[in-house]
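**Q** I would like the atomic coordinates for the input below:
(chains A and B)
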There are 2 protein chains.
Amino acid sequence: MNSEKIPDIIIGRLPIYLRALQRISEKGIQTTSSQELGEIVGISAAQIRKDISQFGEFGKQGTGYSIPYLIEKLRDILKVDRVWEVVIVGMGDIGHALAHYNGFANRGFHVNMTFDNDPRKVGQKVGDFQVIDAASMTEKIKGHKIKVAMLCVPATSAQEAADQLVKAGVKAILNYAPISLNVPEDVHVQYIDPVTHLQRMTYYL
Amino acid sequence: MNSEKIPDIIIGRLPIYLRALQRISEKGIQTTSSQELGEIVGISAAQIRKDISQFGEFGKQGTGYSIPYLIEKLRDILKVDRVWEVVIVGMGDIGHALAHYNGFANRGFHVNMTFDNDPRKVGQKVGDFQVIDAASMTEKIKGHKIKVAMLCVPATSAQEAADQLVKAGVKAILNYAPISLNVPEDVHVQYIDPVTHLQRMTYYL
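**A** Sure, this is the predicted structure:
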């Protein structure tokens, strides 16, 4: 396995495979094929075989993939065989949705703290969390050595909040604000912006 | 312009360019370069030039890109030079967040209706919308000839809801449920699942 050379586009597909495999596995099914997996995720069987073979020999010709083994390997590759503590920054609608979201468990993430700078929100309970004053954010994140954040503040304050996260040692930011963030090279950003996803589809309509 | 041959990966980057250009434009700036745009969006200048050149000759060597012209062209290519009516299906936290989201305007989309099958939610006001009973969804969507939907129901009911949307003539589904949907080939699906985005980053940590 030479992870240095795996193109990012392949890395981006692995969580999709993992999600599908975990769902098949929940039904008690033990083996699958690249054809079957391909039908579920909408990616060609050949592409799936090629992607997975980047990381070693997983399937045997004719017998398909062992689902538990492939899940274990993908979790290992994606480093979600552990639990990453995550903070939510900005407790508007999206922050609320993420605080209530029950899809993090068993997928490698656990929400640890939620922050907002609005005095009316600070101290309030949202799901299992008490909203913490964003003024203490850098210190709190550093103290807990948290590396992953979900950023749900308005576009106008997103860069400033991201700067604070970077200062606190965060290395992965899931950004819901509809702007591109400037961060150092060793900090990873993924974007969730419904409009860019919608625009990607209207092209084809 | 030969749009048939443009790889989907390039199409996926165009909304990012458009978003960045619209933000620069809001500051009153009229021209930009692939270098400047590249720094904003975190994509190399060479890649940006290559992507944009797929659609024709937009920039002049040495003078950069005219921002209003490039915005107009990108909106035209992505078909967001018009307004697409959109429905929200499932009025949980994510549905609420989308109903309140003010980032659709000027980017090609307008939320038209919101649906839920929970009798406690039907009839309630969420932002500017009254939640409509999902039982009438197919009929209502057909009646309004709506082609775009955002699906925010739980994973367990997502496929069933998607089937109804397809029956109603929807051709683009933005799916927030953490499962892969089976839809006919002429229906496009984009996925928003925070966990797959997070997993894509932990690989690099």
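
**Q** mind listing the helices for chain A?
**A** Using DSSP state H, the helices assigned to chain A run over residues A:8-26, A:34-41, A:45-53, A:67-77, A:93-100, A:137-143, A:155-167, A:194-202.

**Q** how about TSV for the ones you listed, with distance to chain B added?
**A** Just so you know, the C-beta spots here come from the backbone N, C-alpha and C atoms, and that holds for glycine as well. Shown next, in TSV, are the helices of chain A (distance: least, Cβ to the nearest Cβ, whole Å):
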stretch	distance to chain B
helix A:8-26	4
helix A:34-41	5
helix A:45-53	13
helix A:67-77	7
helix A:93-100	3
helix A:137-143	15
helix A:155-167	8
helix A:194-202	4
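
**Q** Serialize those helices to a markdown table and add fields for mean neighbour count and mean pLDDT.
**A** Formatted as a markdown table, those follow (neighbours: other Cβ atoms under 10 Å in any protein chain shown; pLDDT from 0 to 100):
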| stretch | mean neighbour count | mean pLDDT |
| --- | --- | --- |
| helix A:8-26 | 18 | 91 |
| helix A:34-41 | 18 | 88 |
| helix A:45-53 | 16 | 90 |
| helix A:67-77 | 18 | 94 |
| helix A:93-100 | 22 | 92 |
| helix A:137-143 | 17 | 97 |
| helix A:155-167 | 17 | 96 |
| helix A:194-202 | 22 | 95 |
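
**Q** Could you dump these into CSV with distance to B:Lys27 added?
**A** Listed next are the helices of chain A as CSV, based on distance: least, Cβ to Cβ, whole Å:
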stretch, distance to B:Lys27
helix A:8-26, 30
helix A:34-41, 41
helix A:45-53, 41
helix A:67-77, 42
helix A:93-100, 25
helix A:137-143, 28
helix A:155-167, 13
helix A:194-202, 19
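
**Q** I'd like to know which of those helices lies nearest to B:Ala134.
**A** For B:Ala134, the closest of the helices of chain A is helix A:93-100, at 19.5 Å, according to Cβ to Cβ.

**Q** Tell me which other helices or strands that closest one touches.
**A** strand A:84-89, strand A:109-116, strand A:125-126, helix B:93-100 (3 or more Cβ pairs under 8 Å, 6 or more residues apart in numbering or on different chains; DSSP states H and E).

**Q** So for the residue nearest the centre of chain A, what's the nearest residue that isn't a sequence neighbour?
**A** Nearest residue to the geometric centre of chain A (Cα atoms, centre = their mean): A:Leu174, 7.2 Å. Once flanking residues are discounted, A:Leu174 sits nearest to A:Met150: 4.5 Å by Cβ to Cβ, 6 or more residues apart in numbering or on different chains.

**Q** need the contact list for the one you found.
**A** Residues in contact with A:Met150 (Cβ atoms under 8 Å, 6 or more residues apart in numbering or on different chains) are A:86-89, A:95, A:98, A:173-174, A:176, B:194, B:198.

**Q** Could you do A:Gly42 as well?
**A** So A:Gly42 contacts B:180, B:189 (Cβ under 8 Å, 6+ apart).

**Q** what about A:Ile146, distance to B:Pro119?
**A** From A:Ile146 over to B:Pro119 the distance is 41 Å, taken as Cβ to Cβ, to the nearest Å.
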